[in-house]
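*Asks:* Just need the structure, nothing else, for what follows:
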Amino acid sequence: MAESIIWAASGTGFTFLMTTLGAAMVFLFHKTMSGKVQKIFLGFAAGVMIAASVWSLLIPAIEEAEANGQMGWIPAAGGFVLGIVFLYGLDRLIPHLHPSGNTSEGMSTSMKRTSLLVLAVTLHNIPEGMAVGLSFALAAQQGDTASYASALALAIGIGIQNFPEGAAISLPLRQEGMSTRKAFVMGSMSGIVEPIFGLLAVLVASAIMPYMPWLLAFAAGAMMYVVVEELIPEAHLGEHSNVGTFGVMGGFLVMMILDVALG
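*Replies:* The predicted structure follows:
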């Protein structure tokens, strides 16, 4: 257990660091990203998460279930649906605002627009942290190099897409009138849920290890909810939406290369 916690802390710590580095772009650039660039980054994040959900979570969930003498598709499908329901519930409960929108989602609140923007990014960082934490927990359980390599590929992929994500929250906050330093801190802190939920996932997994296939599929379902509900629609808003499509394919390709090269 201690080993899996250390690996999960390192992996999610890396993804949090990449969010922080992205948020630091507010010190170099005081303008928001252009619409095209933002669509590419959103599409890239979607592509990474789609590939990660399939290769790093669903396929290992099926294989783990079959290794335990179970029918692989049952925990994969069941956990996937539960993950979707979980994120849907958070989406309905937690007040948040997407950068491209003017109407807040979730429960009604008097929170400031800037706080709602941060909560939107924080919300979809939750399944990313869970995914990385569970991948390292599975690797520690299996104890083979290939499993650790797969978990490492997932952490690197999530970290890469977190860099533009950090900038995508800190720059708009600066444009909303927030000080540069506070915009950086808020952008960085939007990623703190990844190590928190990553470590929580490891602690839960160690207690109910027989349900690891369900947990892996759960994380995949949560990530796919974010992709379908938020990332892909926002990547295709307005004109020149094809750049969002290229971003999706690019993110998928990068994650595939990482998984094959390190797996």
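*Asks:* just for the stretch 51-200 of the chain, where's the confidence low?
*Replies:* The model of the stretch 51-200 of the chain has pLDDT under 70 over residues 96-114.
*Asks:* what's the neighbour count on F27?
*Replies:* Using other C-beta atoms under 10 Å, F27 has 13 neighbouring residues. Every residue, glycine included, has its C-beta placed from N, CA and C.
*Asks:* you'd agree E230 is up against H124?
*Replies:* Yes. If you go by C-beta atoms under 8 Å, E230 and H124 touch, sitting 6.3 Å apart.
*Asks:* The two: which has the busier surroundings?
*Replies:* Per other C-beta under 10 Å, whichever of E230 and H124 has more neighbours is H124, with 26 against 23.
*Asks:* Provide the backbone phi and psi angles at the residue in the chain sticking out farthest from the centre.
*Replies:* Seen from the C-alpha centroid of the chain, the residue lying at the greatest distance (C-alpha atoms, centre = their mean) is G69, 30.5 Å away. When read as degrees, to the nearest 10, the backbone of G69 gives phi 80, psi 20.
*Asks:* quick one: contacts for it?
*Replies:* Contact partners of G69, counting by C-beta atoms under 8 Å, 6 or more residues apart in numbering, are absent.
*Asks:* Quickly find the element holding I196.
*Replies:* helix 193-207 (DSSP states H and E).
*Asks:* Okay, buried residues for that helix please.
*Replies:* Within helix 193-207, the residues that qualify as buried are 193-202, 204-206, counting by 16 or more other C-beta atoms under 10 Å.
*Asks:* centre of the chain versus it, how much separation?
*Replies:* Remark: helix 193-207 is offset 14 Å from the chain centroid, using C-alpha atoms, centre = their mean, to the nearest Å.
*Asks:* next one: stretch 10-23
*Replies:* That offset, for stretch 10-23, works out to 12 Å (C-alpha atoms, centre = their mean).
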